[in-house]
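> return a 3D structure for these sequence lines:
(one chain, ligands or ions: 1)
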Amino acid sequence: MSDSHPTSSGQPAPASKPWEHAKSGQGSGADPLATRFVSSLSYDYRLYRHDIAGSVAHARMLCHIGLITADELGQIEGGLNEILTEIEAAEAQTGSAAGWSGWKEQLEDVHMCIEAALIEKTGDAGRKLHTGRSRNDQVALDLKLWIKDAASQLQVKINTLSYAFLTLAQRDGRMVMPSYTHFQRAQPIIVGAELVAWINAFDRSRDRLALLWTLNRGNPLGSGAIAGTGLPIDRDHTAAALEIGDPTGSSIDATASRDAAIDFVYALSMTAMTLSRWAEQWIIYNSTEFGFIRLDDRYTTGSSMMPQKANPDMLELVRGRCGTVYGHLVALMTICKGLGIGYQRDLQEDKRHVFGAYDTLVDCVDIAVKIVETTQFDEAIIKGSLDRGFLDATSLAECLVTRGVPFRTSHQIVATLVRTCQERGINSLESLKRDDFDHACRQAGADACGDDVYDWLGPGRVVDRYTSFGSAGIKGFEQQLAHWHQRLPKR
Ligand code: ARG
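Numbering: from 1, shown residues only. Here you go, the predicted model:
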């Protein structure tokens, strides 16, 4: 068979892409712009390890069913192993797998480059590898395998971050601080209670990453281009080898679906959102107005004009890059929304967004670990601020409830007492006299307050009193500390 076709001038022109022989002209490799435009190699080369693993499993299956000989399998496996070693060597030498000499843009993608290199090494044995397979099921498989690995690597990183929060909680966690709803002073809590709140949120992030694999397991390999194949391939064989779950039930759905990619980027988006909320909280705590935390100098930057500045830029970028991650999610979902059920080239864009979202998020998690590890809560400043905002008002209302006052009534009594304080220019309920409490109670038709009313006042006493499971005082915190120390693997 000839590698060339007659051109309009009558001259034979080489089809530069070995899978474009049906064309009467030169093919899509003839125009450099078209070549670059259609190629995904600049980003999908990152799939090389999973592509090779999928090819090895496919070749072993082809041998198992007798479509290739043991000798051909040996050549294919040997060739693929050599290619893997070459790519890894390039990565070690240049810092990126993109440095391998076998990547050729005119071959479009990671799949065709690796196959071409294999054919160069093994001839006809390599030419048999693509039997019963298409790039459509190949890329669906590669991406799933990549996502599986990336999700588990990210879970480890999230653990590291949670452990950093836990260590900080262990050290600074028992300081009493205000909590905020609507960013207005709410009730007293301890620092550690807020820190373990982040650990709880990140724990769900980790679970989400684990769950997405449960949802998306299934072996797409063997689905071919869209319709499967008439060859006697054994999809259970590759499924078992790749540890990816049973063969998927529909060749059409398996090659058209990008659910795994979307679930993955959604899981990343949720993690980015939690990181962004944390960054916002700490940006506020780090402000001069709050002064609750001190960020390490390594994680603030100066201003080119204002000499005194130490801005929380890293936290701001964590917050900002959440937008980048969301952008990838929206892009990916939008790419898929107009596609009929079958592979279409639009799907090639998926990897830009999967990799983009992952790289962005990994950087954010890594810097978050550094920031958490080096931040200190400023007890003096926090303590000095506790007498504002009547943080113990709810506790006083609960004190009255223990005397038999209905909560709605006690709420009203305490509101009156807060107003009394404000009218007298006093900023704490503790400064009121016993008579003031009795008077307010009687006015609301309740009995006088007991002597121990002061035991329910003052932020320190209040956080000692919280008893409900999961509450934000000392008892809840100690339970959470023990729980997370047991659950989180040490760094
Ligand atoms: N690079 C392509 C992708 O990522 C591979 C699939 C190409 N399939 C095709 N039928 N042209 O989607």
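> contacts only, for the residue lying closest to residue 339 once chain neighbours are set aside.
In this structure, residue 339 finds its nearest non-sequential neighbour in residue 346, 5.9 Å apart by CB to CB, 6 or more residues apart in numbering. Where C-beta positions appear, they are placed from N, C-alpha and C, glycine not excepted. Residues in contact with residue 346 (CB atoms under 8 Å, 6 or more residues apart in numbering) are 335-336, 338-339.
> 10 Å instead?
258, 334-339 (CB atoms under 10 Å, 6 or more residues apart in numbering).
> again with residue 210
So residue 210 contacts 151-152, 155, 267 (CB under 10 Å, 6+ apart).
> which of those residues count as buried?
Neighbour counting with 16 or more other CB atoms under 10 Å marks 151, 155, 267 as buried within the contacts of residue 210.
> make TSV from those residues and add secondary structure and pLDDT to it.
What follows is the buried ones among the contacts of residue 210, written out as TSV (DSSP: H, G, I helix; E, B strand; the rest coil; pLDDT from 0 to 100):
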residue	secondary structure	pLDDT
151	helix	98
155	helix	97
267	helix	98
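> sorry, back to before: from the contacts of residue 210, which single one is nearest the ligand?
The nearest member of the contacts of residue 210 to the ligand, counting by CB to the nearest ligand atom, is residue 151 at 19.7 Å.
> once you drop chain neighbours, what's closest to that closest one?
Once flanking residues are discounted, residue 151 sits nearest to residue 209: 4.4 Å by CB to CB, 6+ apart.
> how far away from the center of its chain is the host helix or strand of the one you found?
Taking DSSP states H and E as the criterion, residue 209 maps to helix 191-216. Helix 191-216 has its C-alpha centroid displaced from the chain centroid by 10 Å (CA atoms, centre = their mean, to the nearest Å).
> just the buried positions in it, please.
191-199, 201-203, 205-206, 208-209, 212-213, 216.
> up against the ligand, what does the protein have?
40, 44, 108-109, 135-136, 139, 343, 345, 347-348 (CB under 6 Å from any ligand atom).
> dump the helix or strand that the helix holding residue 209 is followed by to PDB, keeping only the CA atoms.
Where DSSP H and E defines the elements, the next helix or strand beyond helix 191-216 is helix 235-242. C-alpha atoms of helix 235-242 as PDB (Å, rounded to 0.1, in the frame of the first residue of the first chain):
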ATOM      1  CA  ARG A 235     -13.400  -6.500  28.200                       C
ATOM      2  CA  ASP A 236     -13.400  -8.200  31.600                       C
ATOM      3  CA  HIS A 237      -9.800  -9.100  31.100                       C
ATOM      4  CA  THR A 238      -8.700  -5.400  30.700                       C
ATOM      5  CA  ALA A 239     -11.100  -4.300  33.400                       C
ATOM      6  CA  ALA A 240      -9.500  -6.700  35.900                       C
ATOM      7  CA  ALA A 241      -6.000  -5.700  34.800                       C
ATOM      8  CA  LEU A 242      -6.700  -2.000  35.200                       C
END
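> buried stuff in the following helix or strand past helix 235-242?
Downstream of helix 235-242, the first helix or strand assigned by DSSP H and E is helix 251-256. Burial within helix 251-256, assessed by neighbour count using 16+ other CB under 10 Å, is assigned to 251-256.
> what of stretch 395-409?
By neighbour count with 16+ other CB under 10 Å, stretch 395-409 contains the buried residues 395-400, 405, 409.
> ok, residues contacting that stretch?
By CB under 10 Å, 6+ apart, stretch 395-409 touches 187-188, 390, 392, 410-415, 417-418, 429-430, 432, 437, 440-441, 444-450, 452-459, 461-463, 465-466.
> repeat that for stretch 290-298.
So stretch 290-298 is in contact with 168, 172, 175, 177-178, 191, 281-287, 300, 310-312, 314-315, 370-371, 373-382, 384-385, going by CB under 10 Å, 6+ apart.
> now do it, average pLDDT.
Mean pLDDT, stretch 290-298: 97.
> list the buried residues in it.
290, 292-295.
> only alpha carbons, please: show it as PDB.
The C-alpha trace of stretch 290-298 is given here as PDB (Å, rounded to 0.1, in the frame of the first residue of the first chain):
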ATOM      1  CA  PHE A 290      -9.100  42.700  63.900                       C
ATOM      2  CA  GLY A 291      -5.500  41.800  64.500                       C
ATOM      3  CA  PHE A 292      -6.500  38.300  65.600                       C
ATOM      4  CA  ILE A 293      -3.800  36.500  63.600                       C
ATOM      5  CA  ARG A 294      -0.300  37.200  62.600                       C
ATOM      6  CA  LEU A 295       0.800  35.900  59.200                       C
ATOM      7  CA  ASP A 296       4.400  35.000  58.700                       C
ATOM      8  CA  ASP A 297       6.400  37.500  56.700                       C
ATOM      9  CA  ARG A 298       7.000  34.900  54.000                       C
END
